[in-house]
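Peer 1: sequence below, structure please.
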Amino acid sequence: MPQTKWTDRIGRRVKLRDLHIALAVAEAGSMTRAAEELAVSYPVVSKTVSDLEHTLGVKLFDRSVSGVEPTHYGRVLLESGVAVFDEMRKGLQQIESIKQPDAGELRIGSSIVTDAGLLPAIIEQFSQELPRATLHVLHENIAVQQYHNLRHRKAELVFGRLPATMTEPDLVAEPLFDEPNVIVAGSDSRWARRRNLTLADLIGEPWVLAEPGSLARSLHEEAFRGSGLEVPSAKVLTVSLHLHLRLIETGRWLGLIPASVMRFGDKRMHLKVLPIKVPSPPAPVGLITVKRRTLTPLAQRFIECTRKVVSSETARASTRRR
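Peer 2: Model prediction:
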C-alpha cells in the first residue's frame, strides 16, 4: 500500500487514545471494567473498539459472556501499542532529563549471581553520581535465557551472565569481564582444613550443583570435564544461589560458586574458597540490550557507570595477582 494511501486510510484515523482504550480493554478482560478504570462510559469504549476494527478491517477481540480476549490480530496491535507508549515514555523522560539530567527512574534486570556479586558496587557508584535517580532492579531469569522483562519493555537492560555465544537475533550483548567459578566449602567443614586437595579428591563427596539445562549447570559440567573427570552425582540440584550458599555453609556440601560472589558477597557467611585450580570455561558477564531500541539517558549513564566499576575492579584484581 502506498504511503499516502496508508496515511489517509489508517494513519490519520488510529489515535493514541484509541490504542490506550484497546490496551485497557485487553488488560481488564472486559469492556465494562475498562470503562470503569478509564472513567468513561461503556458506549465510548465499545464504539472505540468497533471503530478500530472497522478501520483495520479485522476483528481485534473475541466477545463472550465472560469478557473479551484479544484475537491474533488484536495481540499484534496491542504489542505495537505497548511499543508506541513505551517509546513515548522514553521520549518524555529524555525531555525531562535534558531539564534534570541526574533525575528520573531506571528499570534494569539482574541475575541472582550479579545481585550477590558486583551489582551492589555498581549501584553504590551510580547513586553517588546520580543521587536523584531512582533505580528499580528486577529479577531476570538468565538461567533459562528468556529475558522476559527486557523483551516486554519492563527493563531497559540486563546485567548478568552471558551465554558464550549470543544467539538471540533481537538482543545485543556486551561482555565486560569473565567470571570463573571457585570451589567453596563451609569454613568449619573437614575440607576447609585440608591441604593439597585436587578436584579429583572431591568427586565422591556430596555436591550441590545447578539444575540440568541451566547456564550455570553447563559451566559446572565444563569445569569437571575440563579436568578429565565425570560430573559428580549431586545430592541437591537447584538454580537458587542463596540455597547453594546456605547449604555449603552447613559444612555438609561442596559447591561451585562465581568468584565475584565470594569477593563481594555477604562476608558474614561461613564459607571458604578451597585452593583448587578449576578449569574455567568462558563465562562472560555483561550487559544485554534490545537491538535498535533507544536507551534513555539514565540507562546510558548506568552503562557508563558499570563499565567504570568493572574496569576499576579488573585493574585491582590484576594488581593483586602480581
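
Peer 1: and T289, helix, strand or coil?
Peer 2: Following DSSP: H, G, I helix; E, B strand; the rest coil, we place T289 in the strand state.

Peer 1: isn't it right next to Q300, touching?
Peer 2: No: counting by Cβ atoms under 8 Å, T289 stays clear of Q300, with 10.3 Å between them. C-beta: built from backbone N, CA, C; applies to glycine.

Peer 1: these two: who's more crowded?
Peer 2: T289 (18 against 15; other Cβ atoms under 10 Å).

Peer 1: distance check, the more buried one against I108.
Peer 2: 10 Å (Cβ to Cβ, to the nearest Å).

Peer 1: stretch 289-305: which residues count as buried?
Peer 2: Neighbour-count burial for stretch 289-305 flags 289-290, 293, 295-299, 301-303, 305 (criterion: 16 or more other Cβ atoms under 10 Å).

Peer 1: these into JSON lines, with extra columns for secondary structure?
Peer 2: Output for these, formatted as JSON lines (three-state DSSP):
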{"residue": "T289", "secondary structure": "strand"}
{"residue": "V290", "secondary structure": "strand"}
{"residue": "R293", "secondary structure": "coil"}
{"residue": "L295", "secondary structure": "coil"}
{"residue": "T296", "secondary structure": "coil"}
{"residue": "P297", "secondary structure": "helix"}
{"residue": "L298", "secondary structure": "helix"}
{"residue": "A299", "secondary structure": "helix"}
{"residue": "R301", "secondary structure": "helix"}
{"residue": "F302", "secondary structure": "helix"}
{"residue": "I303", "secondary structure": "helix"}
{"residue": "C305", "secondary structure": "helix"}
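
Peer 1: for those residues, which one is nearest Q93?
Peer 2: Closest approach to Q93 among the buried residues of stretch 289-305 (Cβ to Cβ): T296, at 5.0 Å.

Peer 1: give me phi/psi at the closest one?
Peer 2: The phi and psi torsions at T296 (degrees, to the nearest 10) take the values phi -70, psi 160.

Peer 1: show the contacting residues for it.
Peer 2: Listed by Cβ atoms under 8 Å, 6 or more residues apart in numbering, the contact set of T296 reads 90, 93-94, 97, 104, 106, 156.

Peer 1: list only buried entries from those residues.
Peer 2: 90, 93, 97, 104, 106, 156.

Peer 1: ok, now which ones touch E69?
Peer 2: So E69 contacts 29, 61-62 (Cβ under 8 Å, 6+ apart).

Peer 1: one step back: next step: the contacts of T296 restricted to strands.
Peer 2: 104, 106 (DSSP state E).

Peer 1: can I get the contacts of T296 in JSON lines with distance to H20 and pLDDT?
Peer 2: Converted to JSON lines, the contacts of T296 look like this (distance: Cβ to Cβ, whole Å; pLDDT from 0 to 100):
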{"residue": "K90", "distance to H20": "17", "pLDDT": "82"}
{"residue": "Q93", "distance to H20": "18", "pLDDT": "78"}
{"residue": "Q94", "distance to H20": "21", "pLDDT": "74"}
{"residue": "S97", "distance to H20": "24", "pLDDT": "69"}
{"residue": "G104", "distance to H20": "23", "pLDDT": "83"}
{"residue": "L106", "distance to H20": "24", "pLDDT": "92"}
{"residue": "E156", "distance to H20": "22", "pLDDT": "93"}
